[in-house]
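>>> I would like to see how this sequence folds:
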Amino acid sequence: MSKRTILTKASASVASMILILLFLCIGNGFLGFSALPMALFALFFIIAVALCSGKSWDEITAAIRKRVGKIAMVFLILSGIGFVMGAWVVSGTIPAIGAVLVQMIRPDSILLFSFLICCVFSVAVGSNFCAMGTIGLILFSIARIQNIPAGIAAAACICGTGVCCCCSPISDVFIQTAEIYQCKPADIIRQCIIPVLITVAVSAAYFWKAGQAFSVPDPQAASEVASELYLSVSRYFKVSGLVLLPLAVIILLTILRLPSEAVLFLSGFSAILIGIFYQGFSVHDCIQSVYSGFRSASMLGAGVPDILSRLTDRGGILSMTDGILFLLLITMCLAVMELIGTFELLSRIIGTCRTKASLILHTLGMTAASALITGDAFSSLMITHDTLLSECTRLGVKDQLLIPVSLSANRIVNNCIPWCFTAQYAASVFRINTWDYVPNAVFFFVFPSVAVVIQLFLCRKRKV
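Residues are numbered from 1 along each chain as shown. This next block holds a predicted model:
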């Protein structure tokens, strides 16, 4: 008995794209509805479209199980980030780093230092998520203590942490790109290093200039704020080199190439031990901090200064639940859309590339479109490569020509579109709406422009 088909493959594919854009772009992005129910509604209607196109319920559930299984470890990594942030507070790591940095960095230079420090740290540890949830959050908290607006403070940290995905040989996105293009990490670095350096320089100049608007009218008042935070930290936490051990654990284990989830949890457990045996917190307080976040009022007692609680009251696995659930729902949507044939239709829409220059522009558009629909970094890179590989062969160019442009388009969409996973993660870490930081996320706007110009220049000057 044949399946009853109400929608053709093409119409079902178009309908699925319209639905994902309707609920997530309009519902979440412009009308401001919560991303979770919007993603749930999108999943419900996309499944209905799949059923109407002749797909069986067994086919749909099998596709969902297969795709969710591929990213199962991502859920553990996200839980690990919430875990380590709660642990770093009870160990005194976050309070100590925050107290020292707030004394060293003036408000008019905090944006520049936030960007540059996040650049270096993210490249060193190879994870924009880890950098964003640790040193990025600390710098953001310092900026907020110094009354820097949340939007631009978050933008400086997010832009800095995004650099690792373009030039860190131990970054998961970087490694995945090397696997997709069947090349060595050194090949990608050679392709990307010039546009990355130019973009970093432009971004640094932007954040330095923006920071001048927050110059200190009263240096004495700024000094008093820094002193107040340092005294508050010293009163409630022991401050010594020992509290930096969890940070050292992350850097060391990352260099040893241990999996990200292992690095996070081992750093967190070391922080818990410091919290219990050095800082004097109870086991109950430590468990509470890594599960639901640190709460200064109950764990430090009454009368905790607001300047300290703004730095410490964060973290915990529960703080990541919205991001985890959103990723799960979006992954299920993508599984059904792939089953319907949405991405196959998208590749046909892109069409044939007539010249090397048009191939560059097709790469930009294809990566942006697939990232916009999938909300996922790896999927969009893979879809673009698989779709345009035949065009590279036909035009006689190396597929590595696409890497800088594809990575740059991937970064701008995944960091600046609210329903994309990286943007969702950033919003949950900094507790800020995506649209609040996007206007100042200059790195992600400059990088694609520079990458496209350089690759077009190379196409004209020599055979690639």
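>>> So Ser114 versus Ala154, what's the distance?
Separation of Ser114 from Ala154 (C-beta to C-beta, to the nearest Å): 9 Å. In short, each C-beta sits where N, CA and C put it, glycine included.
>>> between those two, what contacts are shared?
Common contacts of Ser114 and Ala154, defined by C-beta atoms under 8 Å, 6 or more residues apart in numbering, comprise Phe140.
>>> biggest helix in this structure, by residue count?
For the chain, the helix with the greatest residue count under DSSP state H is helix 185-211.
>>> check contacts around Ser79.
Neighbours of Ser79 in contact, by C-beta under 8 Å, 6+ apart: 317, 320, 324.
>>> do the same with Met85
94, 133-134, 137, 314-316, 319.
>>> mind running it again at 7 Å?
133, 137, 314-315 (C-beta atoms under 7 Å, 6 or more residues apart in numbering).
>>> For it, pull up the helix or strand it's in.
Met85 belongs to helix 72-90 when assigned by DSSP states H and E.
>>> from the chain's centre, how far out does stretch 354-374 sit?
From the chain centre to the centre of stretch 354-374 is a distance of 21 Å (C-alpha atoms, centre = their mean, to the nearest Å).
>>> Stretch 51-59 too?
That offset, for stretch 51-59, works out to 34 Å (C-alpha atoms, centre = their mean).
>>> List the buried residues for it?
For stretch 51-59, the neighbour count (16 or more other C-beta atoms under 10 Å) marks 51-55 as buried.
>>> Regarding the closest residue to Ser380 other than its chain neighbours, which helix or strand does it belong to?
Computed as C-beta to C-beta, 6 or more residues apart in numbering, the closest residue to Ser380 that is not its neighbour in sequence is Ala371, at 3.7 Å. Applying DSSP H and E as the criterion places Ala371 in helix 356-374.
>>> counting contacts, what elements does that helix pack onto?
Judged by 3 or more C-beta pairs under 7 Å, 6 or more residues apart in numbering; DSSP states H and E, helix 356-374 is in contact with helix 342-350, helix 377-395, helix 403-416, helix 442-461.
>>> Now that helix: average pLDDT?
Averaged over helix 356-374, pLDDT sits at 78.
>>> can you give me the angle that helix makes with helix 403-416?
Taking axes from the mean of the first three to the mean of the last three C-alpha atoms, to 10 degrees, helix 356-374 and helix 403-416 form an angle of 30 degrees between their directions.
>>> tilt between helix 356-374 and helix 377-395?
Using the same axes, to 10 degrees: helix 356-374 against helix 377-395 is 160 degrees.
>>> Give me the buried stretch members for helix 356-374, please.
Using 16+ other C-beta under 10 Å as the test for burial, helix 356-374 gives 356, 359-360, 362-364, 366-374.
>>> Stretch 59-69 too?
Buried residues in stretch 59-69, counted by 16+ other C-beta under 10 Å: 60, 63-64, 67-68.
>>> Need the worst-confidence member of the residues you listed.
Lowest pLDDT among the buried residues of stretch 59-69: Arg67, 80.
>>> What strand or helix carries that one?
helix 57-70.
>>> Need the contact partners of that helix.
Residues contacting helix 57-70 (C-beta under 7 Å, 6+ apart): 47, 50, 328, 331-332, 334-336, 338-339.
>>> related to what we said a few turns ago, as JSON lines, the buried residues of stretch 51-59 with distance to Asn28 would be great.
Listed next are the buried residues of stretch 51-59 as JSON lines, based on distance: C-beta to C-beta, whole Å:
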{"residue": "Leu51", "distance to Asn28": "25"}
{"residue": "Cys52", "distance to Asn28": "25"}
{"residue": "Ser53", "distance to Asn28": "25"}
{"residue": "Gly54", "distance to Asn28": "30"}
{"residue": "Lys55", "distance to Asn28": "26"}
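>>> other SSEs contacting the longest helix of the chain?
helix 110-125, helix 150-162, helix 164-167, helix 172-180, helix 403-416, helix 442-461.
>>> I'd like to check the angle between the longest one and helix 403-416, please.
In this case it means helix 442-461. Using the same axes, to 10 degrees: helix 442-461 against helix 403-416 is 160 degrees.
>>> Pull out the buried positions in helix 442-461.
442-452, 454-455, 458-459.
>>> which one among the residues you listed gets closest to Ala271?
Taking C-beta to C-beta as the measure, Ala271 lies nearest Phe443 of the buried residues of helix 442-461, at 30.1 Å.
>>> any idea how far the closest one lies from Val173?
Taken as C-beta to C-beta, the span from Phe443 to Val173 is 15 Å.
>>> Out of the buried residues of stretch 51-59, which sit inside helices?
51-52.
>>> From the contacts of Ser79, pick the one nearest Cys118.
Of the contacts of Ser79, the one sitting nearest to Cys118 (C-beta to C-beta) turns out to be Met320, at 19.4 Å.
>>> How about the contacts made by that closest one?
Neighbours of Met320 in contact, by C-beta under 7 Å, 6+ apart: 78-79, 81-82, 428.
>>> Could I get the phi/psi values of it?
Main-chain dihedrals, Met320, degrees, to the nearest 10: phi -100, psi 0.
>>> State the distance from it to Ile272.
Counting by C-beta to C-beta - Met320 and Ile272 are separated by 18 Å.
>>> again with Phe443
35 Å.
>>> And what about Gly280, helix, strand or coil?
coil (DSSP: H, G, I helix; E, B strand; the rest coil).
>>> Now it: phi and psi?
Per degrees, to the nearest 10, the backbone of Gly280 is at phi 90, psi 20.
>>> before we move on, what about Arg295?
Backbone geometry at Arg295, expressed as degrees, to the nearest 10, gives phi -130, psi 100.
>>> which residue sits closest to it, ignoring its sequence neighbours?
In this structure, Arg295 finds its nearest non-sequential neighbour in Asp313, 6.2 Å apart by C-beta to C-beta, 6+ apart.
>>> Report how many residues lie close to that neighbour.
17 (other C-beta atoms under 10 Å).
>>> ok, it touching Phe294?
Yes. The criterion here is C-beta atoms under 7 Å, and Asp313 meets it with Phe294 at 5.9 Å.
>>> What separation do you get for Ile65 and Phe326?
Quick fix: residue 65 is Arg, not Ile. Counting by C-beta to C-beta - Arg65 and Phe326 are separated by 19 Å.
>>> give me the low-pLDDT residue ranges for the stretch 301-450 of the chain?
Filtered on pLDDT under 70, the stretch 301-450 of the chain yields the residue ranges 347, 349-353, 374-379.
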